[in-house]
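In: any chance you could fold what I've pasted below:
(2 chains)
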Number of protein chains: 2
Amino acid sequence: MKKALFATPQDAESAFYEAITSADLEGMMAIWADDDDIYCVHPNGARIAGVERVRESWRQIFASGQTLRFQLREQQYVQGMIMSVHSVYEFITVAGESRPRGPVIATNVYLRTERGWRMVAHHASPVPASASVAADPEPRRATASKTLH
Amino acid sequence: MKKALFATPQDAESAFYEAITSADLEGMMAIWADDDDIYCVHPNGARIAGVERVRESWRQIFASGQTLRFQLREQQYVQGMIMSVHSVYEFITVAGESRPRGPVIATNVYLRTERGWRMVAHHASPVPASASVAADPEPRRATASKTLH
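Out: Numbering: from 1, shown residues only, chains lettered A, B, ... in the order given. The predicted model follows:
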């Protein structure tokens, strides 16, 4: 399988959400590090660890046939030379549904490997209406980035 | 305020859970990096960013007067020289309640600063009974650690 090489964690992140949108399982798995220490927490889910189980979880999600659209907001990065942690709000729309779903807050962790930047962790959890994004009363600038030296 | 200096991310993590258990707000804030890019997602919560708002969220939790006990299980680490990402299951018992609460899965991110290892992100989400830890059918070894070189 030809795997993409991502020059930055942002490239890997873009490809991650594109893979979900297009229900592209091979594209999805090309983003993850090939390592049994990777893990994924889907919204309302337990931890799923290791390449095979992470792959199976996405296979099941994609098999549902739902077409999802993502709008990402309020990205915030803690970016190092080797590892980068992104926090993003996902506003998800399901094709055929008139209203967007409530937002999901995700922590995405990327690692610089010899094959470029890869995802090593994705932790997503729904934000209940009672704890809406408005709980963060002072909107942060669209993208806050911290680069470590 | 005298701040502790944590030699390892594990030291910072131990102090983090001790601070919750003892409702020690100053101890809690001594674990966090002194940076407006820190963020905290409490279970069922939105993202809370920046030192002042993170402090206020813990102040409110501690003001509730509940005494919490934590048992951590299935820690899994992606550990680098500068940043370390820990995934842990928190089994929480509230003093006065006969049964433990359902588990919470947490992603904790630590950064090596000039003042030792500090927390920069805590993302916690409840694991519903329907997606219990048993969803991870092959128990991983108690502590899986990956050290980057």
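In: quick check, A:His86 in a strand?
Out: Yes - counting by DSSP: H, G, I helix; E, B strand; the rest coil, A:His86 is part of a strand.
In: how close does it get to A:Arg55?
Out: A:His86 is 22 Å from A:Arg55, where distance means CB to CB, to the nearest Å. Backbone N, C-alpha and C define where each C-beta goes, glycine included.
In: who's more crowded, these two?
Out: Taking other CB atoms under 10 Å in any protein chain shown, A:His86 and A:Arg55 do not tie; A:His86 has more neighbours (24 against 17).
In: find the nearest non-adjacent residue to the residue of chain A found nearest chain B, please.
Out: Nearest residue of chain A to chain B: A:Ser125, at 3.5 Å (CB to the nearest CB). Computed as CB to CB, 6 or more residues apart in numbering or on different chains, the closest residue to A:Ser125 that is not its neighbour in sequence is B:Ser125, at 3.5 Å.
In: and the one you found, how many neighbours does it have?
Out: Applying other CB under 10 Å, we find 25 residues neighbouring B:Ser125.
In: returning to that earlier point: contacts only, for the residue of chain A closest to chain B.
Out: A:41, A:43-44, A:104-106, B:41, B:44, B:123, B:125 (CB atoms under 8 Å, 6 or more residues apart in numbering or on different chains).
In: which of the residues you listed are buried?
Out: Using 16 or more other CB atoms under 10 Å in any protein chain shown as the burial test, those include A:41, A:43, A:104-106, B:41, B:123, B:125 as buried.
In: ok, these vs B:Thr8, which is closest?
Out: Minimum distance to B:Thr8 across these is 20.7 Å, recorded for B:His123 (CB to CB).
In: pLDDT below threshold where in chain A?
Out: Chain A contains residues with pLDDT under 70 at A:1-4, A:131-149.
In: just the strands in it please.
Out: A:39-41, A:47-49, A:68-79, A:83-94, A:104-113, A:116-126, A:143-147 (DSSP state E).
In: with distance to B:Ala7 added, can I get these in a markdown table?
Out: Output for the strands of chain A, formatted as a markdown table (distance: least, CB to CB, whole Å):
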| stretch | distance to B:Ala7 |
| --- | --- |
| strand A:39-41 | 26 |
| strand A:47-49 | 27 |
| strand A:68-79 | 21 |
| strand A:83-94 | 19 |
| strand A:104-113 | 23 |
| strand A:116-126 | 24 |
| strand A:143-147 | 23 |
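In: gap between A:His122 and B:Glu114?
Out: In this view, A:His122 and B:Glu114 are 30 Å apart by CB to CB.
In: for A:Phe91, which non-adjacent residue is closest in space?
Out: Excluding the flanking residues, the one nearest A:Phe91 by CB to CB, 6+ apart is A:Gln71, at 4.3 Å.
In: wait, doesn't that neighbour sit right on A:Pro103?
Out: No - A:Gln71 lies out of contact with A:Pro103 (CB atoms under 8 Å); the separation is 9.4 Å.
In: which residues do these two both contact?
Out: Applying CB under 8 Å, 6+ apart, one finds that A:Gln71 and A:Pro103 are jointly contacted by A:90-91.
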